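Undergrad: Quick one: sequence and predicted model below, then my questions.
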Amino acid sequence: MTEPEFLTETRAFYDAIAADYAERFREQLAGSPVDRAVLALFAELVRGERADGRVAELGCGPGRVTHHLHGLGLDVSGIDLSPEMVGLARRTYPELSFTEGSLFDLPFQDGELTGAAAWYSIIHTPSERLPEVFAEFARVLAPGGHLLLAFQVGDEPLRIDRPFGHPVVLDFRRRQPDRIEELTRAAGLEVTSRTVREPEPGVETAAQAYVFARKPSA
């Protein structure tokens, strides 16, 4: 089967910028108390469901959020579409597991995960393909498992052209929280919380949203 063009473009974009991206955002969590609080809440919810449950960051990039979740006591691994990002994550955090993979075909069995975090990883999927991604999220979560979604708020995509001087371009699709909640519920998950924060002055160009959901217990 021929791979969709948007997946090929996304992989090529992140392969090209992997090292520069990792350096640019290496300390981002240290300067974002809201992000750290959101991740801490996710970790607490997962541990409350099952202390030894498996967790995955879906679209992990260079692995910094995966590593942060590990530091919060989770048995967490990461997957990413970009082999360059995966290789970088493996070298930076050799104690953790990182795998190449797509949000459309997650390398987990049905109900294998107690927690899944999609930290700014749904932003490159065309809107009409998002139901497939959310169905995968629901498939890999165990009953009672928790999902965390983070994304930029908006209606128009942001086109990033030649980042760090590399000859690549990609659209970053912003989403409306109401639509993300609709997709989450349509996949059979219960939305438990939604938070939107304003952009940090001089750093971000859009509000940031965080949606928590849970797979109903059997």
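TA: That came through fine.

Undergrad: Name the strands paired with the biggest strand by length in the chain and say parallel or antiparallel.
TA: Ordering each strand of the chain by length in residues (DSSP state E) puts strand 141-152 first. Strand 141-152 has its sheet partners listed here by DSSP bridges as strand 113-119 (parallel), strand 208-214 (antiparallel).

Undergrad: can you tell which of these is closest to residue 101?
TA: Minimum separation from residue 101 across these (C-beta to C-beta) falls at strand 113-119, 12.4 Å. Every residue, glycine included, has its C-beta placed from N, CA and C.

Undergrad: Give me the mean pLDDT for that closest one.
TA: Strand 113-119 shows a mean pLDDT of 98.

Undergrad: Could you list the low-pLDDT ranges of this protein?
TA: 1 (pLDDT under 70).

Undergrad: Show me which positions of the helix ranked longest in it end up buried.
TA: Taking DSSP state H as the criterion, the chain has its longest helix at helix 5-24. Neighbour-count burial for helix 5-24, counted by 16 or more other C-beta atoms under 10 Å, picks out 7, 10-18, 21-22.

Undergrad: show me the residues around the nearest residue to residue 22 once chain neighbours are set aside that make contact.
TA: Spatial nearest neighbour of residue 22, excluding adjacent residues (C-beta to C-beta, 6 or more residues apart in numbering): residue 62 at 3.8 Å. Neighbour list for residue 62: 18, 21-22, 25, 85, 88-89, 92 [criterion: C-beta atoms under 8 Å, 6 or more residues apart in numbering].
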